[in-house]
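**Student:** No letters, just coordinates:
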């Protein structure tokens, strides 16, 4: 990966998007994107999400990328300006080889199909490069916008038992599993 003006070359390009690694130059953009009630409600991100949280998140992203277990990408249309994030996690707690994709687009950038396109782009990459038995999304039953993203990206709701995930505050969140055929 080459770096120009502090931004890495795109890692995945297609569907009008350039997905790339987060960099030190993105810390303020991460705060602007992630410090909002939507991210606090649906994700395990720190809330409030300040510069210290952004630095810790970036450091963790780099450690996880080095392990190959989790890859996080800034969603951009120009290779520079982050509009959100899409990531994948190799699940080691599943009965079959599974990769879970997660995403979040900043509220001011929603309604442009960015999440659906980012999920489709990353799903294709995961299926081609990692070839897991399942590629899944985990979505809360009352998160209707994310369910719309799942459908538009070609995922279908399964009858799997709900998955419980911890939140930073409050009770665990119950998530339904969506699978890509």
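**Tutor:** Yes, it's here. Just so it is clear, the model here is predicted, and its values are computed rather than measured.
**Student:** Going along the chain, name the strands of the chain.
**Tutor:** Counting by DSSP state E, the chain has strands at residues 3-4, 7-8, 12-14, 17-20, 70-76, 84-91, 98-105, 134-139, 156-157, 163-165, 173-179.
**Student:** out of those, nearest to residue 47?
**Tutor:** Put simply, out of the strands of the chain the one that sits nearest residue 47 is strand 98-105, at 12.8 Å, with distance taken as C-beta to C-beta. Heads up, the C-betas are built off the backbone N, CA and C, glycines and all.
**Student:** Name the surrounding residues that touch the closest one.
**Tutor:** Strand 98-105 has contacts (C-beta atoms under 8 Å, 6 or more residues apart in numbering) with 33-34, 38-39, 42-43, 75, 83-91, 114-115, 118-119, 122-123, 126, 130, 132-138, 149.
**Student:** Could you point out which residue ranges in the chain have low pLDDT?
**Tutor:** Under the criterion of pLDDT under 70, the regions of the chain flagged as low confidence span 1-10.
**Student:** circling back to that earlier point, are any of the contacts of strand 98-105 buried, and if so which?
**Tutor:** By neighbour count, with 16 or more other C-beta atoms under 10 Å, the contacts of strand 98-105 hold 33-34, 38-39, 42-43, 75, 83-91, 114-115, 118-119, 122-123, 126, 132, 134-138, 149 as buried.
**Student:** if we can go back for a sec, could you export the strands of the chain as a markdown table, including distance to residue 49?
**Tutor:** As requested, the strands of the chain are arranged in a markdown table below (distance: least, C-beta to C-beta, whole Å):
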| stretch | distance to residue 49 |
| --- | --- |
| strand 3-4 | 25 |
| strand 7-8 | 21 |
| strand 12-14 | 25 |
| strand 17-20 | 20 |
| strand 70-76 | 14 |
| strand 84-91 | 12 |
| strand 98-105 | 11 |
| strand 134-139 | 21 |
| strand 156-157 | 30 |
| strand 163-165 | 18 |
| strand 173-179 | 18 |
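**Student:** Residue 55 is nearest to which of these?
**Tutor:** Comparison of the strands of the chain against residue 55 by C-beta to C-beta identifies strand 70-76 as nearest, at 14.4 Å.
**Student:** Parallel or antiparallel, which strands does the closest one pair with?
**Tutor:** In its sheet, strand 70-76 lies beside strand 17-20 (antiparallel), strand 84-91 (antiparallel), with partners assigned from DSSP bridges.
**Student:** Can I get those strands in TSV including distance to residue 106?
**Tutor:** As requested, these are arranged in TSV below (distance: least, C-beta to C-beta, whole Å):
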stretch	distance to residue 106
strand 17-20	14
strand 84-91	5
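**Student:** which stretch among the ones you listed comes nearest residue 48?
**Tutor:** Proximity to residue 48, assessed across those by C-beta to C-beta, is greatest for strand 84-91 (17.4 Å).
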